[in-house]
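1. Provided below are the primary sequence and the corresponding predicted coordinates.
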Amino acid sequence: MDLNFNKNEDHNKLLLSALRQKLSLVKLGGGEKRIQKLHGEGKMTARERIDYLLDAKAKSIEIGAFVGEGMYVEHGGCPSGGVVVKIGYIKGKQCIVVANDATVKAGAWFPITAKKNLRAQEIAMENRLPIIYLVDSAGVYLPLQDEIFPDKEHFGRIFRNNAQMSSMGITQIAAVMGSCVAGGAYLPIMSDEALIVEKTGSIFLAGSYLVKAAIGESIDNETLGGATTHCEISGVTDYKAKDDKDALDKIKNIVDKIGDFDKAGYSRIKSEKPALDENEIYGILPKARNEQYDMMEIINRLVDNSEFEAYKDGYGQTIITGYARIDGWAVGIVANQRKVVKTKNGEMQFGGVIYSDSADKATRFIANCNQKKIPLVFVQDVTGFMVGSKSEHGGIIKDGAKMVNAVSNSVVPKFTVIVGNSYGAGNYAMCGKAYDPRLIFAWPSAELAVMGGTQAAKVLAQIEASSLKAKGEVVDETKEKELFDKIKARYDEQVSPYYAASRLWTDAIIDPIDTRTWISMGIEAANHSPIEKKFNLGVIQV
């Protein structure tokens with residue numbers, strides 16, 4: 001291996017080490033003291049509950065581990081958005097599990113908590129996956145109630161989704177393992193089946209203090225809405241459990257009886273590992289985001305047997321398109337090529353940029369995958385579409401629009417992995433979050449923004465300098481550099497993959513080696529949901 005490979009490897013492994021350190025902190029939720037307090041109450045933590053519920057040694061993936069990262073600092077923070085979400089297996093059946101983390105503000109719902117819960121329900125609805133709710137929440141976080149209460153993507157949407165999933169035949173099981181208060185009380189009761197844990201579980205629209213204040217009635221919470229009340233008097237819950245493990249065992253038994261599902265029928269054969277060493281990805285992916293490299297070297301370390309059937313290989317070379325298998329599943333791959341390529345007429349095309357011919361090729365390939373019912377995998381390292389008079393006169397906007405049209409109307413499941421840059425309209429055309437990928441995840445090397453930090457900082461610094469000059473202020477080279485550095489520092493923070501993950505623009509930041517698992521489990525989930533729409537591009541300019 002050459003020196004550059006070793007430098008890249010060291011850099012990417014340092015990023016991976018930082019990722020693991022951040023994950024270890026996130027997994028502590030509200031901290032050791034609150035975990036101990038929970039244990040003292042005879043309760044398991046959210047992560048312990050999920051680990052006990054999911055099949056041992058089976059693979060699982062976590063959605064939104066970094067949600068809330070760096071947010072709500074003035075309120076004490078909200079690690080993982082105060083809720084843990086995993087896709088895994090219960091008695092061999094793939095399910096999605098949502099567990100309130102009572103160590104974070106007693107499981108209260110912040111605005112980002114609602115967004116994360118809605119994302120979990122969206123995954124369940126798109127893929128018709130059984131969804132398990134492990135409820136332990138104090139309800140809406142009142143200091144931020146105006147940001148969580150009334151809008152379309154706020155708290156109330158959860159219950160609308162409960163109702164819709166029920167009508168779709170998607171199994172929903174809820175276990176009340178702690179507080180379940182006010183509007184939140186509807187979530188378990190709108191599920192198909194509800195369990196409640198003795199002594200620790202409670203459900204009521206208003207707790208004992210509010211009842212006393214509202215109507216003058218004196219009553220304790222257990223009598224008001226405990227397990228005995230709801231299992232023997234109100235009939236609100238279906239099963240009583242003596243403790244957390246008993247409740248989780250009952251869920252396992254219920255899931256075990258669920259019948260098989262209608263499959264979408266995506267092609268799968270025996271899985272083969274890549275013939276080339278996956279660990280070499282760390283040395284291939286460059287340290288600097290503006291460096292060139294051959295994306296095929298990455299792809300060949302992600303696909304089964306390192307076998308890839310290229311589509312229109314010599315045309316539109318800044319986008320790679322072709323067929324492969326990942327963990328046995330047939331996939332169509334659309335990836336940005338990051339090396340400079342030369343066209344047959346001798347022109348140079350810059351890597352990571354989408355040209356008209358590349359967009360045209362990708363559009364046709366996406367249509368072919370829809371025709372053949374092949375899931376699509378988008379591998380992003382894109383700086384945007386080519387600019388300049390030649391591109392504009394050649395119709396780059398029209399060709400880009402065709403590609404965006406194809407991505408938007410695609411009916412096969414789409415999966416997006418951001419390995420490097422994800423800038424501007426390139427993010428859109430390569431199936432960014434706005435284009436409904438079933439899962440979208442990033443490597444630690446990813447950057448998401450309208451444009452790169454240096455370019456954006458230059459533009460914004462020039463604008464700010466012009467504004468200051470217009471006011472009569474002196475702006476010399478020192479002042480210009482000061483403006484640039486200040487804006488660049490702010491922009492660099494915002495292009496970080498952690499900034500994107502905290503806001504759920506991506507579902508996760510993962511070790512590149514885990515990419516195959518994420519795509520495989522994602523296609524397996526999608527296979528629960530047969531395609532009901534036909535692919536139709538609609539009106540496009542040719």
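-> Ah, there it is. All values reported here derive from a predicted model rather than from experimental measurement. Residues are numbered from 1 along each chain as shown.
2. R338 is in contact with Q292, isn't it?
-> Yes. Between R338 and Q292 there is a contact at 5.7 Å, judged by CB atoms under 8 Å. C-beta here means a position set from N, CA and C on the backbone, and glycine is covered the same way.
3. Those two: which has the busier surroundings?
-> For R338 versus Q292, the count of surrounding residues by other CB atoms under 10 Å is larger for R338: 29 against 13.
4. Can you classify the more buried one by secondary structure?
-> Local secondary structure at R338 is given as coil here, using DSSP: H, G, I helix; E, B strand; the rest coil.
5. Near the spatially closest residue to it that is not a sequence neighbour, how many other residues are there?
-> Nearest residue to R338, sequence neighbours excluded (CB to CB, 6 or more residues apart in numbering): G351, at 4.0 Å. Other residues near G351 number 21, with proximity taken as other CB under 10 Å.
6. What helices and strands are in contact with the helix or strand hosting R516?
-> R516 belongs to helix 515-526 when elements are defined using DSSP states H and E. Packing partners of helix 515-526 (3 or more CB pairs under 8 Å, 6 or more residues apart in numbering; DSSP states H and E): strand 61-63, strand 93-100, helix 111-127, strand 319-326, strand 329-336, strand 414-423, strand 439-442.
7. what pLDDT, on average, does the third one get?
-> Which is helix 111-127. For helix 111-127, the mean pLDDT works out to 97.
8. next structured bit after that helix?
-> Scanning forward in sequence from helix 111-127 by DSSP H and E, the next helix or strand is strand 131-137.
9. and what of the last one?
-> Where DSSP H and E defines the elements, the next helix or strand beyond strand 439-442 is strand 447-449.
10. Strand partners (parallel or antiparallel) of that following strand?
-> strand 414-423 (parallel) (DSSP bridges).
11. what angle do the strand it pairs with and strand 329-336 make?
-> Here strand 414-423 runs at an angle of 20 degrees relative to strand 329-336 (axes from the mean of the first three to the mean of the last three CA atoms, to 10 degrees).
12. Going C-terminal from strand 414-423, what's the next secondary structure element?
-> helix 424-429.
13. what's the offset of that following helix from the middle of its chain?
-> With CA atoms, centre = their mean, to the nearest Å as the basis, helix 424-429 stands 17 Å off its chain's centre.
14. Stretch 408-424 too?
-> Chain-centre distance of stretch 408-424: 12 Å, with CA atoms, centre = their mean.
15. Can you give me the end-to-end span of it?
-> Stretch 408-424 has its terminal residues 16 Å apart, counting by CA to CA, to the nearest Å.
16. Tell me which residues of that stretch come out buried.
-> Going by neighbour count (16 or more other CB atoms under 10 Å), the buried part of stretch 408-424 is 409-410, 412-424.
17. try stretch 108-123
-> 108-121, 123.
18. before we move on, back to that, find the pair from the buried residues of stretch 408-424 with maximum spatial separation.
-> N409 and G420 (26.6 Å; CB to CB).
19. if we can go back for a sec, list residues touching both of R338 and Q292?
-> G351 (CB atoms under 8 Å, 6 or more residues apart in numbering).
20. Which one of the buried residues of stretch 108-123 is nearest to A446?
-> Among the buried residues of stretch 108-123, R119 lies closest to A446 (CB to CB), at 18.5 Å.
21. got a list of what the residue lying closest to the closest one once chain neighbours are set aside touches?
-> Nearest non-adjacent residue to R119, counting by CB to CB, 6+ apart: L504, 5.9 Å away. Counting by CB under 8 Å, 6+ apart, L504 touches 64, 67, 112, 115-116, 119.
22. Perfect, that will be all.
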